[in-house]
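*Asks:* No sequence on hand, only this structure:
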C-alpha cells in the first residue's frame, strides 16, 4: 500500500494536470466532459488515479476508526475492481463521444451512472 505522502502527491499531480478544470459559478471545482475531452489520455488517467487514491485514503481512515467504508467509495471500488485504468478512461471517453450534447456532465456523474449503476 502506498504511503499517505505518496497518495497526496498523486492527488496533487492529478489535480494539477487537468488543464481545464472548470470552476462553476459557486466556485466548486468540477471536472466536466468538456474538460475530459480537452485532456490527454495521460491527464485523464492521472485524474482517475487521484480519485482512486482518495477512495483508498477514505477507506483507510474508516478502517483506522473502526467505521464502515463509505458506501460511494465501496461501490466505485466494487464496480471497477477488475477493470484496468485504460479501460475506465476509455469507457468514460466513449460515454462523452456518444453523448456529445452532455459536455457539462461531471465526470464523476458518468462514473456513477455508466460504470457503477451500469454494473448492476
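*Replies:* That came in fine, so what should we check first? Please read these numbers as outputs of a predicted model, since none were measured by experiment.
*Asks:* And the strand or helix carrying residue 110, what does it pack against?
*Replies:* Using DSSP states H and E, residue 110 maps to helix 107-110. Applying 3 or more C-beta pairs under 8 Å, 6 or more residues apart in numbering; DSSP states H and E, we find helix 107-110 packed against helix 33-38, helix 85-98. Quick note: C-beta positions are derived from backbone N, CA and C, even for glycine.
*Asks:* Same list (these) but as a markdown table, adding mean neighbour count, mean pLDDT and distance to residue 113.
*Replies:* Compiled in a markdown table, the helices and strands packed on helix 107-110 are given as follows (neighbours: other C-beta atoms under 10 Å; pLDDT from 0 to 100; distance: least, C-beta to C-beta, whole Å):
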| stretch | mean neighbour count | mean pLDDT | distance to residue 113 |
| --- | --- | --- | --- |
| helix 33-38 | 18 | 95 | 12 |
| helix 85-98 | 15 | 97 | 8 |
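*Asks:* Dump those helices into CSV; add distance to residue 107 as well.
*Replies:* CSV is the format used below for the helices and strands packed on helix 107-110 (distance: least, C-beta to C-beta, whole Å):
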stretch, distance to residue 107
helix 33-38, 5
helix 85-98, 6
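*Asks:* just to revisit the earlier point, what's next to the helix holding residue 110, contact-wise?
*Replies:* Residues outside helix 107-110 that contact it (C-beta atoms under 8 Å, 6 or more residues apart in numbering): 31-33, 35-36, 47, 51, 92, 95-96.
*Asks:* Show me how far it is from its chain's centre.
*Replies:* Remark: helix 107-110 is offset 8 Å from the chain centroid, using C-alpha atoms, centre = their mean, to the nearest Å.
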